[in-house]
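1. Need the 3D shape of this:
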Amino acid sequence: MERIEIRPGYSISKVIKGGWHLAGGHGNIDQNKALEDMYEFVKAGITTFDCADIYTGVEELIGKFREKYQDEFQSGELPSIQIHTKYVPDYSALATLKKEDTVKIIDRSLKRLKVERLDLVQFAWWDYQFPRYIETAVHLSELQKMGKIRHIGITNFDTTRIKEILEAGVEIAANQVQYSLLDHRVEKSMSDLSQKHDIPFLCYGSVAGGFLSDRYLSTPDPIQPHENRSLTKYRLIIDEFGGYGLFQELLKTLRTIANKYHVGVAEIASKYVLQKPMVASVIIGARNIKHLNSLKKLNRFNLDNDDLKVIAKIINRCEGPNGPFYELERDKTGKHGSIMKYNLNES
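-> Residues are numbered from 1 along each chain as shown. Modelled structure (predicted):
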């Protein structure tokens, strides 16, 4: 798997193994099988993992993986891994959050992951009416100076607040964003800011929870309730894009391009994002090694100008989503925000 250096001396795989689907709400998880799958992904060069303090059990699972295969890591049989976690303070804590609260959660992530320093902590904040996000970002920077954190990232911040954090003196190494054929919100002011400050995108939702795949080509609109939380989330994005009919037109276009490269629709969707400016990696929630051979094909082709022109004809007809990045999801009373869970950190 291709790699990219996002900071001097720190490289990651261009495909990151996502962890949200291991946190519940996506079906039962066989822990032993999950550990075996992690092993196969790392052997294939997908060495970077994405998790979060609020993904129930996922930090612990990755910690067990590191422990189970520590001999292989030490001998060099397995390459070194990079673990990207998140710091997502509970909504109920935002008004009163103190540095000691941040220290407690960071220390808990260190313990769960069985490491002495976190590779990348991606900071999130639910509601800007509570202004402590700048102060909290500074606290993370102080923990970085103490050696508990190697790099600080952000996730789901808008451009205005990213500028505020930068102005507070916090160095941002990466920005995790939702970016896909269905969602181009980051292409507005955020891309310009990322280029100016060299803040690469780590992209989730690039296959829209699986909607951007052959599985949904020429199929009727799935009946609710959807089988997992990801599908619930991204089906709403399809509505913003222009509805299920336009989405099907997009899938048919992608299938034609996929035939040209002998790959799947999901690989075309992923490659589309990977070829965008400032994109370092895509985060793929591949549940098991069945997806591994498909992911390996991402190294073998690039979309050409003709492909991009055909895709653009569909994209130019889309209706949205519009507005600043993550604004829809931040509205707790709206259909996007109302499906979120805001208080997931255990005491």
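2. Okay, helices next: where are they in the stretch 1-150 of the chain?
-> Secondary structure of the stretch 1-150 of the chain by DSSP state H, counting those that start in this stretch: the helices cover 31-43, 58-68, 70-75, 99-113, 132-145.
3. just those: most buried one?
-> By mean neighbour count, with neighbours taken as mean count of other CB atoms under 10 Å, helix 58-68 ranks first of the helices of the stretch 1-150 of the chain at a mean of 20. C-beta: built from backbone N, CA, C; applies to glycine.
4. who touches the helix or strand containing Leu193?
-> If you go by DSSP states H and E, Leu193 is part of helix 189-197. Applying CB atoms under 8 Å, 6 or more residues apart in numbering, the contact partners of helix 189-197 are 158-159, 162-163, 166, 172, 175, 177, 199-201, 277-278, 325.
5. tell me how far it is from the chain's mean position?
-> The chain centroid and the centroid of helix 189-197 are separated by 18 Å, computed with CA atoms, centre = their mean, to the nearest Å.
6. can you give me the mean pLDDT across it?
-> Helix 189-197 shows a mean pLDDT of 96.
7. Use 17 as the first number for this chain going forward.
-> Understood, numbering begins at 17; the last thing we discussed is helix 205-213.
8. buried ones in that helix?
-> Ser205, Met206, Ser207, Leu209, Ser210 (16 or more other CB atoms under 10 Å).
9. Specify the local secondary structure of Pro293.
-> What DSSP: H, G, I helix; E, B strand; the rest coil gives for Pro293 is coil.
10. Could you check how far it is from Gly92?
-> 35 Å (CB to CB, to the nearest Å).
11. For these two, indicate the residue with more neighbours.
-> Neighbour totals were compared for Pro293 and Gly92, and Pro293 leads with 11 against 8 (other CB atoms under 10 Å).
12. Now do the residue nearest to that one when sequence neighbours are not counted against Asp323, distance only.
-> When the adjacent residues along the chain are set aside, Pro293 lies closest to Ser207, with 6.4 Å between them (CB to CB, 6 or more residues apart in numbering). Separation of Ser207 from Asp323 (CB to CB): 21 Å.
13. try Arg346
-> 34 Å.
14. before we move on, what about Glu345?
-> 30 Å.
15. can you check Gly185 too?
-> 42 Å.
16. And for Ser96?
-> Distance from Ser96 to Asp323, by CB to CB: 35 Å.
17. Likewise for Pro24?
-> In terms of CB to CB, Pro24 sits 34 Å off from Asp323.
18. Same question for His307.
-> Distance of His307 to Asp323, given as CB to CB: 22 Å.
19. The two: who's more crowded?
-> Using other CB under 10 Å as the criterion, His307 and Asp323 rank with Asp323 on top: 22 against 19.
20. where's the residue nearest to that one when sequence neighbours are not counted, which helix or strand?
-> Leaving out its chain neighbours, the residue that sits closest to Asp323 by CB to CB, 6+ apart is Ile273, at 5.1 Å. Counting by DSSP H and E, the element that carries Ile273 is helix 260-277.
21. angle of the next helix or strand after that helix against helix 260-277?
-> Moving toward the C-terminus from helix 260-277, the next helix or strand (DSSP H and E) is helix 281-290. Relative orientation of helix 281-290 versus helix 260-277 (axes from the mean of the first three to the mean of the last three CA atoms, to 10 degrees): 90 degrees.
22. For helix 281-290, what is the distance to the chain centroid?
-> 15 Å.
23. cool, stretch 308-322 as well?
-> 19 Å.
24. Any figure for the gap between the residue nearest to Tyr342 when sequence neighbours are not counted and Ala109?
-> In space, and not counting its chain neighbours, Tyr342 is closest to Asn172: 4.5 Å by CB to CB, 6+ apart. Per CB to CB, Asn172 is found 17 Å from Ala109.
25. Between those two, tell me which one has more neighbours.
-> More crowded of Asn172 and Ala109, by other CB under 10 Å: Asn172, with 21 against 17.
26. Next, give phi and psi for that one.
-> In terms of degrees, to the nearest 10, the main-chain angles of Asn172 are phi 60, psi 30.
27. Give the full set of residues in contact with it.
-> Ala140, Trp141, Gln192, Val193, Gln194, Phe341, Tyr342, Glu345, Arg346.
28. can you tell me which residues contact the last one?
-> In other words, Arg346. Trp142, Asp143, Tyr144, Asn172, Gly353.
29. What average pLDDT does stretch 317-336 get?
-> 98.
30. tell me how far the ends of it are from each other?
-> 29 Å (CA to CA, to the nearest Å).
31. how about CSV for the contacts of Asn172, with secondary structure added?
-> Converted to CSV, these look like this (three-state DSSP):
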residue, secondary structure
Ala140, coil
Trp141, coil
Gln192, strand
Val193, strand
Gln194, strand
Phe341, coil
Tyr342, coil
Glu345, helix
Arg346, helix
